[in-house]
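Undergrad: got a predicted structure here, sequence first:
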Amino acid sequence: MTQISLTSTVCQSEGHVSAVLDEEVVLMSIEKGAYFGLNRVLSCIWQILETPTTVSQLCAILQDEYDVEPEVCKRDVFEALEKLAENKLITVY
């Protein structure tokens, strides 16, 4: 798996079907045959990643949106991106 850094560009991987239900996104991975439910913050991240975005840009957007401390935001974003990457839901380059 590619190491994720602030300068990494990330985007949604292909091969997923998604739907928004009550402000949350539900994904189905065709490759894995599995469903994933994303909470409100992960749903926001998922929508941002429709377009390739650097991790630093993603953090800046989320800091503005949720008024969160930079270090807390970075930690949480890296954790979320690692989980999404493990499940092949995002592409990192």
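TA: Done, it's in.

Undergrad: how about the most far-flung residue of the chain relative to its centre, phi and psi?
TA: In terms of distance from the mean C-alpha position of the chain, Gly33 ranks first, at 19.2 Å (C-alpha atoms, centre = their mean). The phi and psi values for Gly33, taken as degrees, to the nearest 10, are phi 70, psi 40.

Undergrad: check which helices and strands the helix or strand of the chain with the lowest mean pLDDT sits against.
TA: Ranked by mean pLDDT, DSSP states H and E, the weakest helix or strand in the chain is strand 16-21, scoring a mean of 91. Packing partners of strand 16-21 (3 or more C-beta pairs under 8 Å, 6 or more residues apart in numbering; DSSP states H and E): strand 24-29. Yep, even glycine has a C-beta here, placed from its N, CA and C like the rest.

Undergrad: Provide the strand pairings for the helix or strand just after the strand it packs on, with the direction of each partner.
TA: Using DSSP states H and E, the helix or strand that follows strand 24-29 in sequence is strand 34-38. Next to strand 34-38 in the sheet, as set by DSSP bridges, lie strand 24-29 (antiparallel).

Undergrad: neighbouring contacts of the strand it pairs with?
TA: Residues outside strand 24-29 that contact it (C-beta atoms under 8 Å, 6 or more residues apart in numbering) are 15-20, 34-40, 42-43, 46-47, 87-89.

Undergrad: now these: which count as buried?
TA: 16, 18, 36, 38, 42-43, 46, 87, 89 (16 or more other C-beta atoms under 10 Å).
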